[in-house]
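Visitor: Build me a model from this:
(one chain, ligands or ions: 1)
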Amino acid sequence: MAPTAAAYVQPIADSTSVFKEDIFKGKVLFCTGGGSGICRGMTEAMMRHGANATIVGRKLDRLQQTAKELSEATGRECLPVQADVRQPATLEEAVAKTIEKFGRIDFVICGAAGNFLAPISGVSENAFKTVIEIDTIGTYSTIKATIAHVRASKGAYIHVSATLHYNGTPYQVHVSAAKAGVDALSAVLAVEEGPHGVRSNVIAPGPIANTEGMDRLSPKNVDKDKFNAYPVGRQGDVKDIANATVFLFSPAASYITGQVLPVDGGSEHTRYQLLPYPQSVLDPKSVAHLIKARM
Ligand code: COA
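Guide: All right, here's what the predicted structure looks like:
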C-alpha cells in the first residue's frame with residue numbers, strides 16, 4: 001500500500017557547519033585503510049578540523065593521490081605510507097615514519113577491512129582466515145603498534161565495524177565473525193587503557209552510498225525504495241560517518257568509551273535481508289545474477 005504522506009528525509013551535514021574548525025589543531029591521526037572510501041572521509045574530516053594525518057594501506061599510488069587531494073582540500077599535512085595490517089612489521093614502520101614526521105599520534109582509526117559475498121560453502125578456510133587476519137588481527141596489530149604513542153598523548157581509538165553481525169546475515173560468515181571480534185577488542189582496550197587516559201569506541205556503519213563495501217555487497221537492481229524505509233529516510237553518506245568520527249574523537253565525547261555506535265540511519269531496527277530469504281540460501285543459483293559471489 002502506498003504511504004499516505006511523504007517521509008521526512010534527514011539532511012546530510014558538513015562537520016564544519018557544526019563543530020569548530022580548530023578542535024584537532026596540533027593533533028595527529030593514524031588511519032589504516034585511509035586511501036579510499038569511508039576511512040578517507042573520516043581522515044578528511046579530521047584534517048578539516050586541524051589534524052595532520054598518516055594514511056596507511058596496501059596501494060601506494062592510491063595513498064599518494066589521496067594524500068595530495070586531502071592536503072589540497074584541507075591545508076593540513078597527510079603522509080601516505082604503504083603497509084599491510086597483516087604484516088605487523090610494516091605497521092611498526094608506518095608508526096615510526098609518523099613519529100619522525102609529526103612527533104606524535106593522538107588518534108587511531110582501525111579501518112582496514114576485507115569483504116566479499118559467499119555462503120559458508122563458498123568460503124574456504126584460507127578465505128575465512130584472510131578476513132579475520134585483515135579485520136580482527138589487523139586491528140589487534142594496529143593497536144599494538146600505536147598504543148604507546150596514544151597513551152602518551154591521552155588519545156583515542158575508533159574501530160570501523162559493521163551492523164551485519166547483529167543478525168545472522170547470509171553470505172557474511174567471515175565478516176560477521178571478524179567484526180564481532182573487533183567490537184570485543186575495542187571493549188577490552190577501553191577497559192585496560194581507560195585508566196591510562198585512552199578511549200576506544202566502535203563506529204558501525206550501515207549501508208553507505210558510493211563505497212566499495214556497498215558496491216561489493218549490495219545486489220544489483222536492489223529495490224532502492226527499501227532504503228527510503230530507513231527511519232531517517234535515506235541511505236548513509238560518508239559524511240555521516242565522518243561527523244560521528246569528529247564527535248567521538250572530540251573532548252565532547254570524553255565520557256564515552258567502550259561503546260559501539262551504529263551510524264546506520266536506524267536501519268538496525270528496520271533491517272531486511274538484502275538478498276531474498278530463504279530463496280538465496282535454498283537456491284543460490286537463483287540470485288547469482290544479482291551478486292558477485294562464489295557459491
Ligand atoms: N569469494 C570466496 N572466496 C574468495 C573471494 C570471494 N569473492 N575472494 C577471495 N577469496 C578467497 C581466495 O580464493 C583465497 O582463498 P583460497 O586460497 O582458498 O583460494 C582467499 O580468499 C584469499 O584471497 P586472496 O585474493 O589471495 O587474498 P587477498 O589478500 O588478495 O584479498 C580479500 C583479500 C579476499 C579480502 C579481497 O577481497 C580484498 O583484498 N579486498 C579489498 C578490500 C575490501 O574488501 N574492501 C571492502 C571493505 S567492505
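Visitor: Touching, Val18 and Ala244? I think so.
Guide: No: when contacts are counted by CB atoms under 8 Å, Val18 is not listed as touching Ala244 (11.5 Å). C-beta coordinates here come from the backbone N, C-alpha and C atoms, glycine included.
Visitor: Which residue of the two possesses the greater neighbour count?
Guide: Higher neighbour count among Val18 and Ala244: Ala244, with 22 against 10, using other CB atoms under 10 Å.
Visitor: Name the SS class of the more buried one, please.
Guide: Three-state assignment for Ala244 (DSSP: H, G, I helix; E, B strand; the rest coil): helix.
Visitor: Settle this for me: it is touching Val202, isn't it.
Guide: No: at 10.6 Å, Ala244 does not count as touching Val202 under the criterion of CB under 8 Å.
Visitor: intersection of neighbour lists for these two?
Guide: Overlap of the contact sets of Ala244 and Val202 (by CB atoms under 8 Å, 6 or more residues apart in numbering) consists of Leu261.
Visitor: for the record, mean pLDDT for stretch 191-207?
Guide: Mean pLDDT, stretch 191-207: 97.
Visitor: Flag every buried residue along it.
Guide: Across stretch 191-207, burial judged by 16 or more other CB atoms under 10 Å covers 193, 198-207.
Visitor: and what of stretch 11-19?
Guide: By 16+ other CB under 10 Å, the buried positions in stretch 11-19 come out as 15, 19.
Visitor: Could I get the buried residues of stretch 191-207 in CSV, plus columns for distance to Gly35?
Guide: Below are the buried residues of stretch 191-207 laid out as CSV (distance: CB to CB, whole Å):
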residue, distance to Gly35
Glu193, 27
Val198, 25
Arg199, 25
Ser200, 23
Asn201, 23
Val202, 21
Ile203, 18
Ala204, 21
Pro205, 17
Gly206, 22
Pro207, 21
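Visitor: now stretch 56-71: how far from the chain's centre is it?
Guide: Offset of stretch 56-71 from its chain centre (CA atoms, centre = their mean, to the nearest Å): 17 Å.
Visitor: Glu193 is in contact with Ile147, isn't it?
Guide: Yes: between Glu193 and Ile147 there is a contact under CB under 8 Å: 7.0 Å.
Visitor: ok, now which ones touch the residue lying closest to Lys101 once chain neighbours are set aside?
Guide: Among residues not flanking Lys101 along the chain, Leu79 sits closest, at 5.4 Å (CB to CB, 6 or more residues apart in numbering). Neighbouring residues of Leu79 by CB under 8 Å, 6+ apart: 52-55, 67, 97-98, 101-102.
Visitor: how about 7 Å then?
Guide: By CB atoms under 7 Å, 6 or more residues apart in numbering, the contact list for Leu79 reads 54, 67, 97-98, 101.
Visitor: Also within reach of the ligand: list those from the buried residues of stretch 191-207.
Guide: When CB under 6 Å from any ligand atom is applied, no member of the buried residues of stretch 191-207 is adjacent to the ligand.
Visitor: Please flag which of those sit within strands.
Guide: Using DSSP state E, the members of those that fall within strands are 199-205.
Visitor: Which residue, neighbours along the chain excluded, lies closest to the residue of the stretch 1-150 of the chain found nearest the ligand?
Guide: When scored by CB to the nearest ligand atom, the stretch 1-150 of the chain has Gly114 as its residue closest to the ligand, at 2.5 Å. Once flanking residues are discounted, Gly114 sits nearest to Ile134: 4.2 Å by CB to CB, 6+ apart.
Visitor: Please identify the residues of the stretch 51-200 of the chain in proximity to the ligand?
Guide: Within the stretch 51-200 of the chain, the positions near the ligand by CB under 6 Å from any ligand atom are 113-116, 118, 122-124, 126-127, 130-131, 134.
Visitor: Out of the residues you listed, which end up buried?
Guide: So, by 16+ other CB under 10 Å, the buried ones in these are 113-116, 118, 123, 130-131, 134.
Visitor: right, and Val173 touches Ser124 too?
Guide: No: with contact defined as CB atoms under 7 Å, Val173 does not reach Ser124; the gap is 11.9 Å.
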